[in-house]
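# sequence? don't have it. structure:
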């Protein structure tokens, strides 16, 4: 047994080395017969087989049609997803934009061949070549697609309707000390996300209120812009008693801790509303950050044929619409917005379909700014250290 | 009738037994091989890897790990914001340990020396049962108990002592808008969660203090306080140290409690988690892990100096 586990460690290490060296090669050109199973790393609630609610099932039919049994490993954070994919042994992952570039540049996922996915053409044109999964890694001048878009949504401003009779128009309620409509200060009554990616929210706020900084992309911040965002966050530290990182803890904070406004996800808003709490959400004038998830394929996927079949299946309007209704997200395939019973024809608009232009999607910050500034931007690992320092009161 | 029967040929089992009996080193080696390998590879090997990793560093430009020995990561570890985290965690661990000892000792003393048999059994159960339930459930329950609209503030406000609670929560640095949003809350939950690990070793140590010594001390005219200070306490002290090692090191490493309760300031465990998972900065995560190891090393040395292990 011990020898076995030792061998497994050696094997995994070797696999890791190999996967780095062959990362760019081997895009498939045809789909063979299925291998009988496909292993997917996904967000909780992203791949449902009717076990939670019989109406929400987009796995059973796939298994019956293709003979590929679907195994799902759920992950709670982008970092867990990256870690699981680093281990290997999985075929697919539903990666958000703050994980996708890490996976691509880490050589963990492979470029997919859109020709093998008939529904590729039905994908929302706004997402088809989105920068968080479309990259020219090998530098040969043509870009590759690293996966198929799955779902997207905004990070909304959630607020208590008893305190705000009208929706707040600006994110300033969580960034600047002020008196709220109920006559009391916002100190200690607002929250912010405790992930380093929240620095981008601050940058987006500055983009609108302090144009002199010249921020064009909240995920590509040079040193001055980054420091300005940190200053704003230090100011926010005085307003925020506790940052949130767990959706259910945040729900609890809105109910029992007197929290009245915070950046949040439609998921929490929907759950609180369903409980009859006085909660609503809005996208203020500055716009919002958001997430857009991509189903990506491991560079050494053990079941590539079944994986391609799932990629095709994941883009069908039925799956897309049902999932959007279940998760409170927006489908990557616009055709899913009409005629879906669970989502209803208003569902897409409710979940933010029209807000696409106002949303700046999560993307892993890299030293390379991606524009003519060159490689002067602050990379993600510094975002982590700096945000820890800000929360610690530095 | 008179001839002795020939000795039966030795069975296979007996021959194997003889084989090992005549080669004691071989049997010892075989018995110990597996545990020693386990200890060597999975404990010491892992620690060595960790130590090596902490001397590597992250390339600021590519975000990849550079596998060259150097002290840059340790320089980064000594930045003021990181020192804050180390101090915060160490002070919290020390405060939790002292408080646990102060609460645990009288309780363990009562259980060991005064409690009737039945009461003793009930008290043991009361200490142990919480350990059988899920740690996460207990932590999240405390989140609700300590909430602004939770039972503690309700009781305090009903008694008309709301001003007192506000005054406590107004203390700069450790206060906050509610107990669950302040370091005071983190402290309370740490004390609650780790208290059994302090009670049990102290109790075991007190149980072993011979009654005859206490009686002899009394016979020689020592007042109870004197007996306590000069007979019972020195004999029970190794138990306190054993308990403190538990509470101190567990607090140093925990990353769940400060993640659920407190003012979001980071503790060492959380930074390790964030650096290795979120940032991919494994060298810094490893360097951060070396800190509690050093602190515990110093702690154990001081404890040894004070004679805490003499009774072992």
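Done, it's in. Not measured: the values here are computed from a predicted model.
# Give the buried residues for stretch A:178-195.
Neighbour-count burial for stretch A:178-195, counted by 16 or more other C-beta atoms under 10 Å in any protein chain shown, picks out A:180, A:186, A:188, A:189, A:190, A:191, A:192, A:193, A:194, A:195. Every residue, glycine included, has its C-beta placed from N, CA and C.
# now swap in stretch A:162-178 and tell me
Using 16+ other C-beta under 10 Å as the burial criterion, the residues of stretch A:162-178 that qualify are A:163, A:164, A:168, A:170, A:171, A:172, A:173, A:174, A:175.
# do stretch B:150-167 as well
Buried residues in stretch B:150-167, counted by 16+ other C-beta under 10 Å: B:150, B:152, B:153, B:156, B:165.
# Please tell me how far that stretch is from the chain's geometric centre.
32 Å (C-alpha atoms, centre = their mean, to the nearest Å).
# In contact with residue 207, which residues?
This is for chain A. By C-beta atoms under 8 Å, 6 or more residues apart in numbering or on different chains, residue A:207 lies in contact with A:213, A:215, A:216, A:218, A:286.
# actually it's chain B I care about, not the one you picked
Residues in contact with residue B:207 (C-beta under 8 Å, 6+ apart) are residue B:112.
# Sitting in helices, which of the buried residues of stretch B:150-167 do you find?
Judged by DSSP state H, these include B:152, B:153, B:156, B:165 as members of helices.
# which one of the contacts of residue A:207 is nearest chain B?
Taking C-beta to the nearest C-beta as the measure, chain B lies nearest residue A:218 of the contacts of residue A:207, at 18.0 Å.
# Give me the nearest residue to that closest one, chain neighbours excluded.
Among residues not flanking residue A:218 along the chain, residue A:203 sits closest, at 3.7 Å (C-beta to C-beta, 6 or more residues apart in numbering or on different chains).
# looking at it, that neighbour is touching residue A:222, isn't it?
No: applying C-beta atoms under 8 Å, one finds residue A:203 not in contact with residue A:222, separated by 10.9 Å.
# Tell me where chain A has helices.
Counting by DSSP H, chain A has these helices, from start to end: A:2-21, A:60-66, A:78-87, A:97-105, A:125-128, A:172-175, A:199-209, A:223-237, A:247-256, A:266-274, A:304-314, A:317-327, A:347-351, A:380-391.
# hmm, who's touching the fourth one?
I take that to be helix A:97-105. Identification of contacts with helix A:97-105 by C-beta under 8 Å, 6+ apart yields A:78-79, A:81-82, A:85, A:93, A:95, A:109, A:130, A:132-133, A:135, A:137, A:146-147, A:197, A:291-294, A:296, A:361-364, A:366, A:380, B:280.
# what angle separates that helix from helix A:78-87?
Put simply, helix A:97-105 runs at 20 degrees to helix A:78-87, going by axes from the mean of the first three to the mean of the last three C-alpha atoms, to 10 degrees.
# Give me the buried stretch members for helix A:97-105, please.
Within helix A:97-105, the residues that count as buried by 16+ other C-beta under 10 Å are A:97, A:98, A:99, A:100, A:101, A:102, A:103, A:104, A:105.
# ok so, going back, number of residues surrounding the residue nearest to residue A:218?
If you count neighbours by other C-beta atoms under 10 Å in any protein chain shown, residue A:203 ends up with 26.
# roughly how far apart are it and residue A:215?
Residue A:203 sits at a distance of 6 Å from residue A:215 (criterion: C-beta to C-beta, to the nearest Å).
# Take the buried residues of stretch A:162-178 and lay them out in CSV including pLDDT and distance to chain B.
Conversion of the buried residues of stretch A:162-178 to CSV gives the following (pLDDT from 0 to 100; distance: C-beta to the nearest C-beta, whole Å):
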residue, pLDDT, distance to chain B
A:163, 95, 15
A:164, 95, 19
A:168, 95, 20
A:170, 95, 23
A:171, 96, 19
A:172, 95, 20
A:173, 95, 16
A:174, 96, 14
A:175, 96, 16
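# Tabulate these (CSV), appending distance to residue B:284.
CSV is the format used below for the buried residues of stretch A:162-178 (distance: C-beta to C-beta, whole Å):
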residue, distance to residue B:284
A:163, 41
A:164, 41
A:168, 38
A:170, 37
A:171, 31
A:172, 34
A:173, 35
A:174, 30
A:175, 29
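# And those, which is closest to residue B:228?
residue A:174 (56.0 Å; C-beta to C-beta).
# re earlier: could you save the buried residues of stretch B:150-167 as a markdown table and add columns showing pLDDT and distance to residue A:231?
Compiled in a markdown table, the buried residues of stretch B:150-167 are given as follows (pLDDT from 0 to 100; distance: C-beta to C-beta, whole Å):
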| residue | pLDDT | distance to residue A:231 |
| --- | --- | --- |
| B:150 | 88 | 35 |
| B:152 | 91 | 36 |
| B:153 | 90 | 34 |
| B:156 | 91 | 37 |
| B:165 | 88 | 33 |
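# near chain A, which of those residues show up?
Restricting the buried residues of stretch B:150-167 to those near chain A by C-beta under 8 Å from any C-beta of the partner chain leaves residue B:150.
# Need the max-distance pair from the buried residues of stretch B:150-167.
For these, the farthest-apart pair by C-beta to C-beta is B:150 and B:165; their separation is 11.5 Å.
# Around chain B, pick out the residues from the stretch 151-300 of chain A.
Proximity of the stretch 151-300 of chain A to chain B, by C-beta under 8 Å from any C-beta, involves residues A:188-189, A:194-196, A:240-243, A:245-246, A:249, A:252, A:255-258.
# What's the ChimeraX syntax to select whichever of the residues you listed are buried?
A single ChimeraX command selects the buried members of these (16+ other C-beta under 10 Å):
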select /A:188,189,194,195,196,240,241,242,243,249,252,255,256,257,258
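# where exactly do the strands run in chain B?
For chain B, the strands defined by DSSP state E cover B:57-58, B:65-66.
# So for chain A, which of these sits nearest?
strand B:57-58 (6.1 Å).
# Partner strands of that closest one and their direction?
strand B:65-66 (antiparallel) (DSSP bridges).
# In the chain, where is pLDDT below threshold?
As the question left the chain open, I've gone with chain A. Low-confidence segments of chain A (pLDDT under 70): A:1-26.
# ah, no, chain B please
Residue ranges of chain B with pLDDT under 70: B:1-6, B:60-64, B:277-279, B:310-312.
# give the contact list for the most centrally placed residue in it.
For chain B, the residue nearest the mean C-alpha position is residue B:246 (2.3 Å; C-alpha atoms, centre = their mean). The contact partners of residue B:246, taken as C-beta under 8 Å, 6+ apart, are B:194, B:197, B:198, B:201.
# Could you tell me how many residues sit around the closest residue to residue A:60 other than its chain neighbours?
Setting aside the residues directly before and after it, residue A:60 is nearest to residue A:49 in space (C-beta to C-beta, 6+ apart), at 5.8 Å. Neighbourhood size, residue A:49 [other C-beta under 10 Å]: 16.
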